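Peer 1: When you get a sec, could you give me coordinates for this:
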Amino acid sequence: MTRLSHLSPIYLKLSGFLTELTTSPLSSPETFALILPYFKAALDCFGARRIMFGSDWPVCGVGARAAGTSGGAGSVAEVGGVCGAGEEEGEGASGVRAANNSADGTNPSAWSEWYQIVSRLLDELGIDEEEREWIWWRTSMEAYGLDVDV
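Peer 2: Numbers count the residues shown, from 1 in each chain. Here you go, the predicted model:
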């Protein structure tokens, strides 16, 4: 990754973690703990102006069905507790949200949960508002050569 970061114009798309991180279901704290050092390394190498958020939708919903609808802790999709969610409807005492799979086996809340994970990563590393804008949307505009008046 370091060697690639020295080449221009190469950008890094922050995506794929929920579906590619592991084949074993993980608890929310384990998921966040595994992602954080990779994101920090990417940020150190590329900087915020060369990292773009990737929504992973709809793929994240397909890969996020490890726990089924049983409500058991451990699904990669069960990141609600990691993202500051409290004991809301559908969550257990640990703050871990049960996978809420739809009839086709996908988890429709996975995109929202991925967004919350990335938000927490930015908070954890003290990313300022300007750098957040680059990660959320400005890098994509530059990388794809989009000229949209915002």
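Peer 1: Can you read off the backbone torsions of Leu146?
Peer 2: When read as degrees, to the nearest 10, the backbone of Leu146 gives phi -90, psi 140.
Peer 1: Show me what counts as buried in the longest helix along the chain.
Peer 2: Criterion DSSP state H: the longest helix present in the chain is helix 28-46. Residues of helix 28-46 classed as buried under the neighbour-count rule (16 or more other CB atoms under 10 Å) are 28, 30-32, 35, 39, 42-43, 45-46. The way it works is simple: take the backbone N, C-alpha and C, and place the C-beta from them, glycine included.
Peer 1: can the residues you listed go into JSON lines with extra columns for distance to Pro58 and pLDDT?
Peer 2: Listed next are the buried residues of helix 28-46 as JSON lines, based on distance: CB to CB, whole Å; pLDDT from 0 to 100:
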{"residue": "Ser28", "distance to Pro58": "22", "pLDDT": "63"}
{"residue": "Glu30", "distance to Pro58": "24", "pLDDT": "75"}
{"residue": "Thr31", "distance to Pro58": "20", "pLDDT": "75"}
{"residue": "Phe32", "distance to Pro58": "23", "pLDDT": "78"}
{"residue": "Ile35", "distance to Pro58": "20", "pLDDT": "88"}
{"residue": "Phe39", "distance to Pro58": "22", "pLDDT": "93"}
{"residue": "Ala42", "distance to Pro58": "24", "pLDDT": "94"}
{"residue": "Leu43", "distance to Pro58": "27", "pLDDT": "95"}
{"residue": "Cys45", "distance to Pro58": "29", "pLDDT": "95"}
{"residue": "Phe46", "distance to Pro58": "26", "pLDDT": "95"}
